[in-house]
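*Asks:* Could you look at this predicted model? Sequence included:
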Amino acid sequence: LVKSEDFSVEEIDQILSLSQNIIENPSKYSRVCEGKLLATLFYEPSTRTRLSFESAMCRLGGSVVGFSEPNSSSVSKGESLGDTIRTVSCYADAIVMRHPVAGSAEEATKYTEVPFINAGDGGNQHPTQTLTDLLTIKSLKGSLENHTIGLCGDLKNGRTVHSLVKSMSRYKGIKFIFISPDELKMPKYIKDAIQEQGHAYYETDNLDEVIGSLDILYMTRVQRERFENQEQYEKLKNYYILNKSKMQNAREDMLVMHPLPRVNEIATEVDDDKRAVYFQQAKFGMYVRMALIVKLLEVM
Ligand code: CP
């Protein structure tokens, strides 16, 4: 799984159904991965993705090896990505990798002998965050069709929004509203892909103008680590701050999602609002990764 389009809509439906079954019957799945080993190779920091994958494997009865800091591996001695992946393939039944370079996940698949999962490659894609987001939307809205989704913040560098938009554009009746400053607009290749699927999109830098029309508001962090010019980051980092006052103009049933980590873009005063579902979303991430592991290891 390198990019969100690698699974068909039918395969995604299966994974989401399996996730829901796991949520309802966790004990049925608690030993299905006994004797299996998952490797988590994190060349970039992570809280949710790494720990939810590791929790997922443990809750399925399997085991985990890996690194969260590449300097503790032979990468620090100059080992290539290909050699690392080849070696880890000798030990583990599946590999999860996060890497700062866009395209590194595709590169890794040339060397792996076992199922490989992209846990985020630079500013490119984050397909398991998208599975998390789809499970959140389906569970809380009842359907993946006929929604107006506002994506707000760093749409240029945010890999989660690239994967989510590509995935959601495969469902009927989706309208995208891209809310960002000029400097952080959604890349053209993503907008072209949406148009090819026959969907409309609208771009603005004004969150207040559109918040009342949204079914889902997907907030994102300005990605400091992707900026070459730190002055530019400082200028843009607080461009959007969602607070209680802005939420007053939103629909009663609008979902506020965020892949997390958050910096300042959602004030903590919003956390108690029933429409703020980002921590629920993080929990859905563990269940969907359990389903993904079960599918890729073919243990059921
Ligand atoms: N959403 C997400 O990818 O979070 P982490 O960077 O903490 O894994």
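*Replies:* Ah, there it is.
*Asks:* Report pLDDT for the residue nearest the centre of the chain.
*Replies:* Centrality entry for the chain: nearest residue to the mean C-alpha point is residue 129, 1.9 Å, by C-alpha atoms, centre = their mean. At residue 129, the pLDDT value in this model is 97.
*Asks:* in the helix or strand containing it, what counts as buried?
*Replies:* Using DSSP states H and E, residue 129 sits in helix 127-141. Within helix 127-141, the residues scored as buried using 16 or more other C-beta atoms under 10 Å are 127-140. In this view, the C-beta of every residue, glycine as well, is placed from N, C-alpha and C.
*Asks:* could I get those residues as a markdown table with distance to residue 201?
*Replies:* Listed next are those as a markdown table, based on distance: C-beta to C-beta, whole Å:
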| residue | distance to residue 201 |
| --- | --- |
| 127 | 21 |
| 128 | 24 |
| 129 | 20 |
| 130 | 18 |
| 131 | 22 |
| 132 | 23 |
| 133 | 17 |
| 134 | 19 |
| 135 | 24 |
| 136 | 21 |
| 137 | 18 |
| 138 | 22 |
| 139 | 25 |
| 140 | 23 |
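*Asks:* Report the inter-axis angle for the helix with the most length in the chain versus helix 127-141.
*Replies:* Criterion DSSP state H: the longest helix present in the chain is helix 278-297. Orientation check (axes from the mean of the first three to the mean of the last three C-alpha atoms, to 10 degrees): helix 278-297 against helix 127-141 gives 120 degrees.
*Asks:* Show me what helix 278-297 packs onto, helices and strands only.
*Replies:* If you count contacts as 3 or more C-beta pairs under 8 Å, 6 or more residues apart in numbering; DSSP states H and E, helix 278-297 packs onto helix 9-24, helix 48-59, strand 94-99, helix 127-141, strand 255-257.
*Asks:* Packing partners of the third one?
*Replies:* In other words, strand 94-99. In terms of contacts (3+ C-beta pairs under 8 Å, 6+ apart), strand 94-99 is packed against strand 37-42, helix 48-59, helix 81-89, helix 104-108, strand 116-121, helix 278-297.
*Asks:* What pairs with that strand, parallel or antiparallel?
*Replies:* Sheet pairing for strand 94-99, assigned by DSSP bridges, gives strand 37-42 (parallel), strand 116-121 (parallel).
*Asks:* angle of the last one against helix 81-89?
*Replies:* Right, strand 116-121. Angle of strand 116-121 versus helix 81-89, following the same axes, to 10 degrees, is 130 degrees.
*Asks:* Retrieve the pLDDT associated with residue 123.
*Replies:* The predicted local confidence for residue 123 is 89.
*Asks:* how close does residue 263 get to the ligand?
*Replies:* Counting by C-beta to the nearest ligand atom, to the nearest Å, the gap from residue 263 to the ligand is 12 Å.
*Asks:* my read: residue 191 touches residue 200, true?
*Replies:* No: counting by C-beta atoms under 8 Å, residue 191 sits too far from residue 200 to count as a contact (10.8 Å).
*Asks:* The two - which one has more neighbours?
*Replies:* Of the pair residue 191 and residue 200, residue 191 is the one with more neighbours under other C-beta atoms under 10 Å, namely 18 against 11.
*Asks:* tell me which residues in the helix or strand harbouring the more buried one are buried?
*Replies:* Here residue 191 is covered by helix 188-196, with elements defined by DSSP H and E. Buried residues in helix 188-196, counted by 16+ other C-beta under 10 Å: 190-191, 193-194.
*Asks:* about what we covered before: what sits closest to the residue nearest to the centre of the chain if chain neighbours are left out?
*Replies:* In this structure, residue 129 finds its nearest non-sequential neighbour in residue 160, 4.6 Å apart by C-beta to C-beta, 6 or more residues apart in numbering.
*Asks:* Please report phi then psi for the one you found.
*Replies:* Backbone torsions of residue 160, given as degrees, to the nearest 10, read phi -70, psi -40.
*Asks:* that older thread, tell me which of the helices and strands packed on strand 94-99 is the most buried.
*Replies:* Among the helices and strands packed on strand 94-99, ranked by average contacts under mean count of other C-beta atoms under 10 Å, first place goes to strand 116-121 (a mean of 26).
*Asks:* Wasn't residue 149 part of a helix?
*Replies:* No: assignment of residue 149 by DSSP: H, G, I helix; E, B strand; the rest coil gives strand, placing it outside any helix.
*Asks:* Could you shift the numbering so residue one becomes 58, and keep it that way?
*Replies:* Sounds good: first residue 58 from here, last item residue 206.
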